[in-house]
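Trainee: Sequence unavailable; structure follows:
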């Protein structure tokens, strides 16, 4: 949204996360409770067939900084992420999955890395060494970005509004 004062939007794509969505939502709210900048959460339901959406709605009913985007079918994580980017109003947009693979506090660590550096992206990485296809992907991405991206498969990231504009204009695989 043009003119928005939101500093950080957090996009959370999910699919069939009924077992995790309440805990994840509570952890995210608790983690950002004392965050000093304006922020929001955009949950994107990628066509879940379980009761994820009902549990999420009950969990966030009193939260004013949360929105839910419900996709009509399971279209995949990348499409769900792009839908969330369309609804996110923040100057920066963090992305984290609701599967509890990453704790929401990891987003705060990434946000701290932004500092005053005017970066377009900060990415997390898994500390284990990649193997198989993941190793091949990492080597190719590393060549493409001059070694500046440690783990291209990690979904924990923060993007600048400028980079989001470029992502949304790219019609290939994001």
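Mentor: Yes, it's here. Keep in mind that this is a model prediction, so the values were computed, not measured. Residues are numbered from 1 along each chain as shown.
Trainee: For residue 97, give me its contacts.
Mentor: 12-14, 77, 155 (C-beta atoms under 8 Å, 6 or more residues apart in numbering). C-beta here means a position set from N, CA and C on the backbone, and glycine is covered the same way.
Trainee: So which helix or strand of this structure has the lowest pLDDT on average?
Mentor: The weakest-scoring helix or strand in the chain, judged by mean pLDDT, DSSP states H and E, is helix 132-144 (a mean of 52).
Trainee: returning to what we had before: and the contacts of residue 97 as TSV, adding neighbour count, secondary structure and pLDDT?
Mentor: Output for the contacts of residue 97, formatted as TSV (neighbours: other C-beta atoms under 10 Å; DSSP: H, G, I helix; E, B strand; the rest coil; pLDDT from 0 to 100):
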residue	neighbour count	secondary structure	pLDDT
12	28	strand	97
13	26	strand	95
14	22	strand	96
77	17	helix	86
155	16	coil	67
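Trainee: returning to what we had before: and the next helix or strand past the least confident helix or strand of the chain?
Mentor: Downstream of helix 132-144, the first helix or strand assigned by DSSP states H and E is strand 157-160.
Trainee: Distance from the chain centre to whichever helix or strand comes after that following strand, please.
Mentor: Next helix or strand after strand 157-160 toward the C-terminus (DSSP H and E): helix 161-168. Relative to its chain's centre, helix 161-168 lies at 14 Å (C-alpha atoms, centre = their mean, to the nearest Å).
Trainee: Can you list the neighbours in contact with stretch 43-58?
Mentor: 11-18, 21-22, 25, 60, 66-77, 79-81, 83-84, 87, 98.
Trainee: again, but for stretch 33-41
Mentor: Residues contacting stretch 33-41 (C-beta under 8 Å, 6+ apart): 5-10, 12, 28, 32, 60, 63, 65-67, 88-90, 108.
Trainee: if I pick the residue most central in space within the chain, what's in contact with it?
Mentor: Taking C-alpha atoms, centre = their mean as the criterion, residue 95 is the residue nearest the geometric centre of the chain, at 1.1 Å. The contact partners of residue 95, taken as C-beta under 8 Å, 6+ apart, are 10-13, 81, 84, 155-159.
Trainee: Bridged to it, which residues?
Mentor: Applying DSSP bridges to residue 95 gives these bridge partners: residue 11, residue 157.
Trainee: What's the separation between it and residue 46?
Mentor: 13 Å (C-beta to C-beta, to the nearest Å).
Trainee: Residue 27 now?
Mentor: 20 Å.
Trainee: That'll do, ta.
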